[in-house]
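1. What follows is a predicted structure for the sequence shown.
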Amino acid sequence: MREEYCRQIIESLPYAIIITDQQGRIEEINAQTALLFGYSQQELHDKKIDILIPERFCEQHHKDLDSQNDCPPPRQAELGRNLFGLTKEGDEFPVRINLSLLENNGNNKILTTIIDMSEQSDIVRELKRVKKELNDFVDVASHDLKAPLRGIRQLSSWIEEDITDFASDNTKNNLALMMQRTARLERYLKDLIIYSRISHVLDDAQNINIKALVLSVFDLQSPPKEVSIVCEETLPEITTFITPLETVFSHLINNAIKHKNKGQLTINVSSQEYPTHYSFSVKDNGPGILERNHEYVFDLFKTIKPRDEVEGSGMGLSIIRKLLDSLNCVISVSSDGKNGSCFTFTWPKR
């Protein structure tokens, strides 16, 4: 009864199950094996399992079998992923293979599990194709849009110089608004390109003094006199990828400066160290973010204030989240909407 129950389970599995002796001779297969490879149970019985593997992989498979026989229990191994199965018709298809040793009073068997990876491989190829098309589109769009935007900005500047002595205040305001909107489009384009290429920003790891990095990023923002920054002594010196970390700090500090109230703004940067990662916090005493907007602020093109009040593409925090997601890190915000805000993100140790 127990044996029949196990047989029913094996027959119901959606992947190929093959039981061989320790020399690799096939003793039993399930229905999915016959369907996948095109052989019947009778055709495969007592045949070497090599019949189901392209010749170029047979030598390695023999080594894997020997390894299973020699290693101590528990004896399981998942073989390399760039493997292929061979059908009766001679067609190859990508597979994932797992070997397990079944011990039975010296009459040991090898249980081979074979999963058809054709669909997954097709999906991966399609994703690569789409990704390439998107990258190509971004390259073309950035090239074809940057030039006319620069031209509009330059023409606007020349017109401003030509009409400054006689144009009405209304005309000057409209021209200034056009230049402002052109500059915003340039920022949109720049941030869209950054967002689309998040997965490519990893560079060589370097030894970085976080305090020096933060102060450098702060200076590059050309902050007004009423804005200051405080770096806590907890900021470490670490070995990591400088470009993505610099990008995160740059957007968080810029975000604090853009949304500041009138009066003094203080930005505080601190950190904590954990066994597997660091936690960095960028805190300010600005206007804060209402709790209902805490998740909203990370969405693409979302801004709390109208863009004519606070210039920006609405992509800074989205860029940060996508970048941190690519590194399996997280970011969160805490604020009561009145007394500043604090963005905290994790960063991996090497």
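-> Happy to help now that I have it. Residues are numbered from 1 along each chain as shown.
2. rest of the way, CA atoms for contacts and neighbours
-> Will do.
3. give me the element Thr247 is part of.
-> Taking DSSP states H and E as the definition, Thr247 sits inside helix 242-258.
4. which of the residues in that helix are buried?
-> For helix 242-258, a neighbour-count test (16 or more other CA atoms under 10 Å) marks 242, 244-245, 247-254, 256-257 as buried.
5. Can I get stretch 254-272 in PDB, CA atoms only?
-> Below are the C-alpha coordinates for stretch 254-272, written out as PDB (Å, rounded to 0.1, in the frame of the first residue of the first chain):
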ATOM      1  CA  ASN A 254      18.500  68.100  -2.300                       C
ATOM      2  CA  ASN A 255      14.900  67.100  -1.300                       C
ATOM      3  CA  ALA A 256      15.400  68.600   2.100                       C
ATOM      4  CA  ILE A 257      16.700  71.900   0.700                       C
ATOM      5  CA  LYS A 258      14.000  72.200  -1.900                       C
ATOM      6  CA  HIS A 259      11.100  71.800   0.600                       C
ATOM      7  CA  LYS A 260      12.500  74.000   3.400                       C
ATOM      8  CA  ASN A 261      10.500  76.600   5.200                       C
ATOM      9  CA  LYS A 262      11.600  80.200   5.600                       C
ATOM     10  CA  GLY A 263      14.300  80.500   8.100                       C
ATOM     11  CA  GLN A 264      17.100  78.200   9.200                       C
ATOM     12  CA  LEU A 265      17.200  74.600   7.900                       C
ATOM     13  CA  THR A 266      19.400  72.000   9.600                       C
ATOM     14  CA  ILE A 267      20.100  68.600   8.000                       C
ATOM     15  CA  ASN A 268      21.400  65.900  10.300                       C
ATOM     16  CA  VAL A 269      23.000  62.700   8.900                       C
ATOM     17  CA  SER A 270      23.600  59.700  11.100                       C
ATOM     18  CA  SER A 271      24.100  56.000  10.900                       C
ATOM     19  CA  GLN A 272      23.900  52.700  12.800                       C
END
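6. still on that earlier bit, pLDDT averaged over the helix holding Thr247, what's the number?
-> Throughout helix 242-258, pLDDT has a mean value of 88.
7. ok so, going back, can I get the buried residues of helix 242-258 in TSV with distance to Ser222?
-> Output for these, formatted as TSV (distance: CA to CA, whole Å):
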residue	distance to Ser222
Ile242	21
Pro244	21
Leu245	19
Thr247	16
Val248	17
Phe249	15
Ser250	12
His251	14
Leu252	15
Ile253	11
Asn254	10
Ala256	13
Ile257	10
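8. what's stretch 153-161 in contact with?
-> Lys172, Leu175, Met178, Met179, Thr182, Ala183 (CA atoms under 8 Å, 6 or more residues apart in numbering).
9. switch to 7 Å and redo it
-> Met179, Thr182 (CA atoms under 7 Å, 6 or more residues apart in numbering).
10. List the buried residues in it.
-> Applying 16+ other CA under 10 Å to stretch 153-161 flags Arg153, Ser156, Glu160 as buried.
11. Help me confirm that the first one is found in a strand?
-> No: Arg153 sits outside any strand when classified using DSSP: H, G, I helix; E, B strand; the rest coil, being helix.
12. do you know how far Phe343 is from Leu189?
-> 25 Å (CA to CA, to the nearest Å).
13. Who are the contact partners of Leu134?
-> By CA under 7 Å, 6+ apart, Leu134 has no neighbours at all.
14. secondary structure element for it?
-> Using DSSP H and E, Leu134 falls in helix 118-163.
15. now that helix, how far from the centre of its chain.
-> Chain-centre distance of helix 118-163: 21 Å, with CA atoms, centre = their mean, to the nearest Å.
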